[in-house]
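[1] model the following, please.
(chains A and B)
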Amino acid sequence: MRLRSLLVGLVSRVPARVRTKLLAAFLTMVVLLIVLGAVGLRVLSGVNQQTEELIKLQRKIAAYRQVQHDTTTQLYGVTSALLFSDTRKLDDALRQLNQFGYDLDRLEFVAKDEVDLIAQVRDDYNQFINVMTRVVDMIRSGQVAAAREVQLKQAEPLADRLERLTNQLVNIAEADMVAGIDASEQAYATSQWVVIAFALASVVLALGLGYVISWSLIEPVTEIDARLRQIAAGDFTQRVRVANRDELGALADNVNHTSEQLGRLYQQLETASRHKSEFLANTSHELRTPLNAILGYTELIQDGIYGDVPEKIREILARVQSNGRHLLGLINDVLDLSKIEAGQMTLSIAAYSIKEVVHTVLTAAESLAAEKKLTLKITIADDLPLSQGDERRLTQALLNLVGNAIKFTEAGEVAVHADAADGAFRIAVADTGPGIAADDQQRIFEEFQQVDSSSTRKKGGTGLGLSIAKKIIELHGGRIWVESELGRGSTFRFTLPVRPDLWSGPA
Amino acid sequence: MTKRILVVEDQEDNRRIVRDLLESVGFELKEAATGDAGVRLAETWRPDLILMDIQMPVLDGYAATKLIKSNAELRHIPIIVITSYALSGDEAKAREAGADAYVAKPFSPRQLLAMIRQFLP
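    Modelled structure (predicted):
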């Protein structure tokens, strides 16, 4: 591992472009292939040479055998000629002797190594020819007994020596042949190992090279990839550390630069967003103070504290008040949302009973439902445990849901169901209203999004209730979603983790 | 005997509304526009009940409430704290300061009157 990282680091730090590195790697492999081919060729030519040597040896042996054979034939021929005193046979024998001379010539050409031996043979042979010529001449001139004498005393020992010498030649050649075969076999085995070792070394080198080069590319890419993931997740503080001094190194520098820029921009955006939220919160507060006064005075006038109020003006005052309340609701919702978005909504965590929350909401919503002649049904599972959370905010969230359900349902019922499963409360608010198309089911949780934006005014909602409910529920670690179908009503469901122990707000 | 209510509130309109409301039902009223003026009036005038706004410059409603409740002679006077739009934790803070009850803005005059009636029937 240490070797690997050392090699990879080494290759990474080479100040060459990726293209050059790859080219170098491929060229190295090509060179290895060429060297492997050359080694193979050398081995092949070596084998070829050995074979040629063996063929030469074989020819030598054949020649020696021929010499041996000829010598024997010669002796036999001359001996039988002498026995029968046949001149024709004698001529044959002499012709053959000449033939033996040619054999020797050939021998000298083939066997350069055994020059001394062959010289001896030639000496003996020359003597033999002389003796034989003498013998033949003697036979021709009728001195058969003398010829036989010479043949016995001089020719035969010479023939014996010749035979011995040629035998010796054959033996030497055969021994050479055996040695040659052995050497050839050994040379073949050696070259086989050389080729295999060379091929293996090439493969290992090529693999190692490929491995190191690809890791020197893969490592920075993984590093950059991880970094980009962090950036996508909003972490701009880390830097890519890449040893490469090639295109990947440049890319890493670029990523670092981009990350810094993004981080700066993100910070600016965050500051801007916080300023916006603070501005909204302040504005809402400033707006509310005079509005409260307006509403307060209106109520006092309505209650006749400043004197009797004619019926007509009383009616207008009621409208002033209802519009004022609506405006106040809007301002409060905007304040809530901007607080949540600025991260300033702190939950005041205490033990709460979900049953209590549901009952509070029902009490608050009863009159609204009664006005529209809707049935308001509740089912609460028994023995729901106490949990920790901000009871007032949770009540606000559920009230928003129930209020919406009542607002958008013309006839039928609104049913609230609460139970617990898997460590979480499950609350459902089901209505028999118009339902929500699948396309709108995500959108309605966003700010100022009602299915039909004209209905905002008509229904009197602020369009912020659902987003506030969603954010409150999410601050408690819960989840909210809607199940609905056009014409079949809607069911808003949310979960809240049951936290029996004290917790200090959302993690 | 007419019951006396001290209103500590920095905003004129709010003071006016409370005054108009409470005088119309026969309470005797005094007003203070700052926290420390409220504390001084509580000591000298000895009201039967104090309405205390929270958001005031210099000495805010919590501090004023604490001061009054730490005075053994004034401790018995019920204090109704009026918080600005119910911020989380305001109720707890008001109780911690020693307030006897709390009303969140926006309150309707009728609501406020109902709350006062609990202490001064």
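
[2] can you list contacts of the lowest-mean-pLDDT helix or strand in chain B?
    Every helix and strand of chain B was ranked by mean pLDDT, DSSP states H and E. The lowest is helix B:90-97, at a mean of 80. Residues from elsewhere that reach helix B:90-97 (Cβ atoms under 8 Å, 6 or more residues apart in numbering or on different chains): A:348, B:54, B:61-63, B:65-66, B:69, B:81, B:83-84, B:102, B:104. Every C-beta, even on glycine, is put in place using the N, C-alpha and C of the backbone.

[3] do the same with stretch B:40-52
    Contacts of stretch B:40-52 (Cβ under 8 Å, 6+ apart): B:3-9, B:18, B:30, B:32, B:38, B:61, B:64-65, B:68, B:71, B:73-74, B:77-82, B:99, B:112, B:116, B:119-120.

[4] check which residues of stretch A:361-371 are buried.
    Within stretch A:361-371, the residues that count as buried by 16 or more other Cβ atoms under 10 Å in any protein chain shown are A:361-362, A:365, A:368-369.

[5] let me know the closest of these to residue A:379.
    Using Cβ to Cβ, residue A:362 comes nearest to residue A:379 of the buried residues of stretch A:361-371, at 11.6 Å.

[6] OK, contacts around the residue most central in space within chain A?
    Nearest to the mean C-alpha position of chain A, by Cα atoms, centre = their mean, lies residue A:218 at 8.5 Å. Residue A:218 makes no contacts at all, as judged by Cβ under 8 Å, 6+ apart.

[7] let me know the pLDDT of it.
    What the model reports for residue A:218 is a pLDDT of 87.

[8] just checking, next helix/strand downstream of the host helix or strand of it?
    Using DSSP states H and E, residue A:218 falls within helix A:156-232. Using DSSP H and E, the helix or strand that directly follows helix A:156-232 along the chain is helix A:247-302.

[9] so that next one, near chain B or not?
    Yes - using Cβ under 8 Å from any Cβ of the partner chain, we find that helix A:247-302 touches chain B at A:285, A:288-293, A:295-297, A:299-300.

[10] let's verify residue A:492: helix, strand, or coil?
    Recorded secondary structure, residue A:492: strand (DSSP: H, G, I helix; E, B strand; the rest coil).

[11] show me what it is bridged to.
    residue A:429, residue A:482 (DSSP bridges).

[12] cool, residue A:380 as well?
    Beta-bridge pairing for residue A:380 (DSSP bridges): residue A:418.

[13] tell me the contacts of residue 36?
    No chain was given, so I picked chain A. Residue A:36 neighbours (Cβ under 8 Å, 6+ apart): A:195, A:198-199, A:202.

[14] wrong one, chain B
    B:58-59, B:64.

[15] quick one: pLDDT of it?
    91.

[16] and if you look at residue B:71?
    Per the predicted model, pLDDT is 91 at residue B:71.

[17] what's the neighbour count on it?
    13 (other Cβ atoms under 10 Å in any protein chain shown).

[18] near chain B, which residues of chain A?
    Counting by Cβ under 8 Å from any Cβ, chain A sits next to chain B at A:285, A:288-293, A:295-297, A:299-300, A:303, A:305-306, A:328, A:332, A:335, A:345-348, A:390, A:392-393.

[19] hmm, 6 Å instead?
    Applying Cβ under 6 Å from any Cβ of the partner chain, we find that chain A lies next to chain B at A:292-293, A:296, A:299-300, A:305, A:328, A:346, A:348.

[20] quick revisit: closest to residue A:314 among the contacts of residue B:36?
    Nearest member of the contacts of residue B:36 to residue A:314, counting by Cβ to Cβ, is residue B:64, at 38.3 Å.

[21] can you list the buried residues in stretch A:206-217?
    A:206, A:209, A:212-213, A:215-217.

[22] my bad, should have said stretch A:14-22
    Quick answer for stretch A:14-22 (16+ other Cβ under 10 Å): residue A:21.

[23] for stretch A:415-423, same thing?
    Those would be A:415-418, A:420, for stretch A:415-423 by 16+ other Cβ under 10 Å.

[24] put the alpha carbons of it into PDB.
    C-alpha atoms of stretch A:415-423 as PDB (Å, rounded to 0.1, in the frame of the first residue of the first chain):
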ATOM      1  CA  ALA A 415     -62.600  14.500  10.300                       C
ATOM      2  CA  VAL A 416     -59.500  14.700  12.600                       C
ATOM      3  CA  HIS A 417     -57.900  11.400  13.500                       C
ATOM      4  CA  ALA A 418     -54.900  11.000  15.900                       C
ATOM      5  CA  ASP A 419     -53.000   7.900  16.900                       C
ATOM      6  CA  ALA A 420     -49.400   6.700  17.400                       C
ATOM      7  CA  ALA A 421     -47.300   4.100  15.700                       C
ATOM      8  CA  ASP A 422     -43.600   3.400  15.400                       C
ATOM      9  CA  GLY A 423     -42.700   6.100  18.000                       C
END
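
[25] the residue lying farthest from the centre of chain A and residue A:178, how far apart?
    Distance from the C-alpha centroid of chain A peaks at residue A:142, with 106.7 Å (Cα atoms, centre = their mean). Noted for residue A:142: a distance of 52 Å to residue A:178, by Cβ to Cβ, to the nearest Å.

[26] cool, and residue B:83?
    Distance from residue B:83 to residue A:178, by Cβ to Cβ: 118 Å.

[27] and residue B:7, by the same measure?
    When residue B:7 is compared with residue A:178 (using Cβ to Cβ), they lie 133 Å apart.

[28] which one of those two has more residues nearby?
    Comparing residue B:7 with residue A:178 by other Cβ under 10 Å, the one with more neighbours is residue B:7, at 24 against 11.

[29] what helix or strand is that one on?
    Assigned by DSSP H and E, residue B:7 falls in strand B:4-8.

[30] mind giving me the packing neighbours of the next helix or strand after that strand?
    Using DSSP H and E, the helix or strand that follows strand B:4-8 towards the C-terminus is helix B:12-24. In terms of contacts (3 or more Cβ pairs under 6 Å, 6 or more residues apart in numbering or on different chains; DSSP states H and E), helix B:12-24 is packed against helix A:247-302, strand B:4-8, strand B:28-32.

[31] quick one: is the second one near chain A?
    No - looking at strand B:4-8 against chain A by Cβ under 6 Å from any Cβ, there are no contacts, and the closest approach is 13.2 Å.

[32] chain center to that strand, what's the gap?
    Counting by Cα atoms, centre = their mean, to the nearest Å, strand B:4-8 is centred 6 Å from the centre of its parent chain.

[33] go on, stretch A:227-240?
    22 Å.

[34] which residues does the most centrally placed residue in chain B form a beta bridge with?
    Nearest to the geometric centre of chain B sits residue B:51, at 1.3 Å (Cα atoms, centre = their mean). Beta-bridge pairing of residue B:51 under DSSP bridges involves residue B:7, residue B:80.

[35] coming back round to it: partners of the very next helix or strand once past the least confident helix or strand of chain B, with directions?
    Elements were assigned by DSSP H and E; along the chain past helix B:90-97, the next helix or strand is strand B:101-104. Note on strand B:101-104: by DSSP bridges, its sheet partners are strand B:79-83 (parallel).

[36] CA atoms of the partner strand as CSV?
    Once non-C-alpha atoms are left out, strand B:79-83 reads as follows in CSV (Å, rounded to 0.1, in the frame of the first residue of the first chain):
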residue,chain,number,x,y,z
ILE,B,79,-49.8,42.3,37.4
ILE,B,80,-51.2,41.5,33.9
VAL,B,81,-48.4,41.5,31.4
ILE,B,82,-49.2,42.5,27.8
THR,B,83,-46.8,40.9,25.4
